[in-house]
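# Got a sequence here, can you model it:
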Amino acid sequence: MKKILVSTALLAGVLSYAGGFRVSLQGVKQLAMAHTSAHAEDASVTFFNPAGMSFIPSKLSIAAGGFGASNKITFQNLNTLNSTSTDNPLGTPFYAAVTYRPIEKLTVGLSVTTPFGSTIQWPENWEGKEMVQKLELKSFYFQPMVSVKLAPWLAFGASYIYARGIVDWDKGVTQFGGQVNIKDTKASGHGYGFGFYFRPDPKLDVSIAYRSPVDMKAKNGTASFQFPSQAIYSQLKLNAAGQDGFSATLPLVEEYTIGLTYKFTPKWQVSADFNYHGWERYSKLVLDFQNAPIGNQADPTVLVSPKNFRNSKTFRLGTQYAFTNMIYGRLGAYYDESPYTNENFIPETPSFDTFVVTGGVGFKLKKFGVDIAGGYAMPKYRDVNNANLGFYGQAKARAFYFGLGVSYNPF
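Numbers count the residues shown, from 1 in each chain. The predicted model follows:
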């Protein structure tokens, strides 16, 4: 029984690392228009579709930006009516990109982004402390890329993805009156992306892109236990510091995107996107400990757990209006589906069916651009019914985002 309870505590933490959700904050201008993708004014297009580089109206383009992301999750046990809320720090996703066109039909670029990540902090002694007390998850995508203009109205682009990941997870192990920290700072993985960008008419841009899944391989992770008595260390085959190593493959999901922008007038344009996310690959997670016999397989050091995630969709609609040649107003809205049902809800990376409204302004000062954006999320509450974790109640959330971005197209 003791082994089972320890396994459950470990499982909850690592599952949510694998389920680090997609963060739609890779362009400030794009966020203001519901994070739509068919915008090729500067280097911020690189993350969304490498082919878009070929239509940037400058040989050299540089773009960078950062965001503040604030969210609060509240869980209520409907039997006891006890309510618990998170005290999450401000998330700070960022992006940076540069593109250069050495010859007319060839453009190269590099982008650095943080497309997966979250920080969540529940009270240390809340009722779900064996699942999570605090989780900090970060991912970094480094994408060199190339785009070739196949025709005046068509380009193809491709990118290589090198990903690095960090997880730092605290949770309680109440059976022994202790805690465990699961940590890996050197998880890495590889992937790719490609896309087509069309401009068949000066009024119409169409973007079709694919980003592959990335298997983040944690080869030298550390699980650090703290118990009142060190006698438990030997029972679990931990070292003198109460530690054991683990390895796991932690998948980040693939994404398909179709986007378009249509200029109804020289001043007014409308953009729309459809995203399809391959969360279904989270059918299970395998965690392999070096020594600790806390698994659930014939090999007692191997722990396997179902995830039961499902593929999800996002629908986006945004618009921009040019008040002058220097000032642009932007609005948008999108609907994002949760990748799991109420029966698979987890408090480590809470997810909700969410409606988001966005807006912002942009300023063009000759070769420079400055963009400001914000978003307000309205997640739908969830009736939590996770029998696998014994977690029942009701969860709700609220969140808002703001961002500042700059761009420079010198020539």
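# which residues in this structure form helices?
Using DSSP state H, the helices assigned to the chain run over residues 2-18, 28-32, 231-235.
# Tell me who's in contact with Pro115.
For Pro115, the contacting residues are 22-23, 26, 47, 139, 141, 252, by CB atoms under 8 Å, 6 or more residues apart in numbering. For the C-beta atoms, the positions are set from N, CA and C on the backbone; glycine is no exception.
# Now tabulate the residues you listed in TSV and tack on pLDDT and neighbour count.
Formatted as TSV, the contacts of Pro115 follow (pLDDT from 0 to 100; neighbours: other CB atoms under 10 Å):
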residue	pLDDT	neighbour count
Arg22	71	20
Val23	80	18
Gln26	92	25
Phe47	95	27
Ser139	88	24
Tyr141	95	24
Leu252	84	27
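# which of those lies closest to Lys149?
Phe47 (19.7 Å; CB to CB).
# Which residues are in contact with the closest one?
With CB under 8 Å, 6+ apart, Phe47 has these contacts: 26-27, 95, 97, 111, 113, 115, 141, 143.
# Please apply the same query to Tyr262.
203-204, 269-271 are the contacts of Tyr262 under CB under 8 Å, 6+ apart.
# Give the bridge partners for it, please.
Leu204, Val270 (DSSP bridges).
# Same question for Leu135.
Ile120, Trp169.
# For it, report the pLDDT, please.
pLDDT recorded at Leu135 is 85.
# and what of Asn344?
Confidence score, pLDDT, at Asn344: 87.
# Tell me, how many residues neighbour it?
Applying other CB atoms under 10 Å, we find 22 residues neighbouring Asn344.
# Need the residue in the chain that's farthest from the chain's center.
Distance from the C-alpha centroid of the chain peaks at Ala231, with 40.1 Å (CA atoms, centre = their mean).
# Enumerate every residue touching Asp172.
Actually, residue 172 is Gly rather than Asp. 9, 124-125, 129-130, 133, 178-180.
# Closest one of the contacts of Pro115 to Gly318?
Nearest member of the contacts of Pro115 to Gly318, counting by CB to CB, is Gln26, at 14.4 Å.
# Give the full set of residues in contact with the closest one.
With CB under 8 Å, 6+ apart, Gln26 has these contacts: 35, 44, 47-48, 93, 95, 113, 115.
# same thing but 7 Å
47, 95, 113, 115 (CB atoms under 7 Å, 6 or more residues apart in numbering).
# ok, these vs Ala187, which is closest?
Distances from Ala187 to the contacts of Gln26, taken by CB to CB, are shortest for Pro115, at 14.7 Å.
# distance of that closest one from Asp353?
21 Å (CB to CB, to the nearest Å).
# Can you add distance to Arg398 and neighbour count and give the contacts of Gly172 back as a markdown table?
What follows is these, written out as a markdown table (distance: CB to CB, whole Å; neighbours: other CB atoms under 10 Å):
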| residue | distance to Arg398 | neighbour count |
| --- | --- | --- |
| Ala9 | 29 | 25 |
| Glu124 | 23 | 12 |
| Asn125 | 24 | 10 |
| Lys129 | 23 | 20 |
| Glu130 | 26 | 24 |
| Gln133 | 21 | 22 |
| Gly178 | 33 | 17 |
| Gln179 | 29 | 19 |
| Val180 | 30 | 24 |
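# Pipe those residues into a markdown table and attach distance to Asn291 per row.
Converted to a markdown table, the contacts of Gly172 look like this (distance: CB to CB, whole Å):
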| residue | distance to Asn291 |
| --- | --- |
| Ala9 | 17 |
| Glu124 | 28 |
| Asn125 | 30 |
| Lys129 | 25 |
| Glu130 | 22 |
| Gln133 | 25 |
| Gly178 | 18 |
| Gln179 | 19 |
| Val180 | 15 |
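# So which of the contacts of Tyr262 is the closest to Gln290?
Nearest member of those to Gln290, counting by CB to CB, is Ser271, at 49.9 Å.
# need the longest strand for this protein.
For the chain, the longest strand by residue count, based on DSSP state E, is strand 178-201.
# Show me how far that one is from its chain's centre.
8 Å (CA atoms, centre = their mean, to the nearest Å).
# same check, this time on stretch 74-83
Centre to centre, stretch against its chain (CA atoms, centre = their mean), the figure for stretch 74-83 is 28 Å.
# Can you point out the buried residues in that stretch?
75-77 (16 or more other CB atoms under 10 Å).
# Restricting to C-alpha, output that stretch in PDB.
Extracted in PDB, the C-alpha atoms of stretch 74-83 (Å, rounded to 0.1, in the frame of the first residue of the first chain):
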ATOM      1  CA  THR A  74     -10.200  27.800  -7.900                       C
ATOM      2  CA  PHE A  75     -11.200  24.300  -6.800                       C
ATOM      3  CA  GLN A  76     -14.200  23.500  -4.600                       C
ATOM      4  CA  ASN A  77     -14.900  20.200  -3.000                       C
ATOM      5  CA  LEU A  78     -18.700  19.900  -3.300                       C
ATOM      6  CA  ASN A  79     -18.900  17.500  -0.300                       C
ATOM      7  CA  THR A  80     -17.000  19.700   2.200                       C
ATOM      8  CA  LEU A  81     -17.600  23.000   0.400                       C
ATOM      9  CA  ASN A  82     -14.000  23.800   1.000                       C
ATOM     10  CA  SER A  83     -12.600  26.200  -1.700                       C
END
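# mean confidence score for that stretch?
90.
# What are the contacting residues of that stretch?
Under CB under 7 Å, 6+ apart, the answer for stretch 74-83 is 84-85, 127, 347, 393-396.
# do that again at 10 Å, thanks
84-86, 122, 126-128, 345, 347, 350, 381-384, 391-398 (CB atoms under 10 Å, 6 or more residues apart in numbering).
# Filter those down to just the ones in strands.
Cross-referencing these against strands under DSSP E gives 84-85, 382-384, 391-398.
# Just give me the neighbour total for Phe368.
12.
# Could you report the pLDDT at it?
97.
# likewise Leu15?
31.
# repeat for Glu127
For Glu127, the predicted pLDDT is 87.
# again, but for the one 3 residues further on
You'll see Glu130 listed with a pLDDT of 83.
# pLDDT on stretch 314-325, on average?
According to the model, stretch 314-325 has a mean pLDDT of 97.
# Ok, stretch 27-41 next?
96.
# Show the end-to-end separation of it, please.
The first residue of stretch 27-41 is 12 Å away from its last residue (CA to CA, to the nearest Å).
# Next, the buried residues of that stretch.
27-41.
# Go through the residues you listed and name the one nearest Leu317.
The closest of the buried residues of stretch 27-41, once distances to Leu317 are taken by CB to CB, is Ala34, at 5.8 Å.
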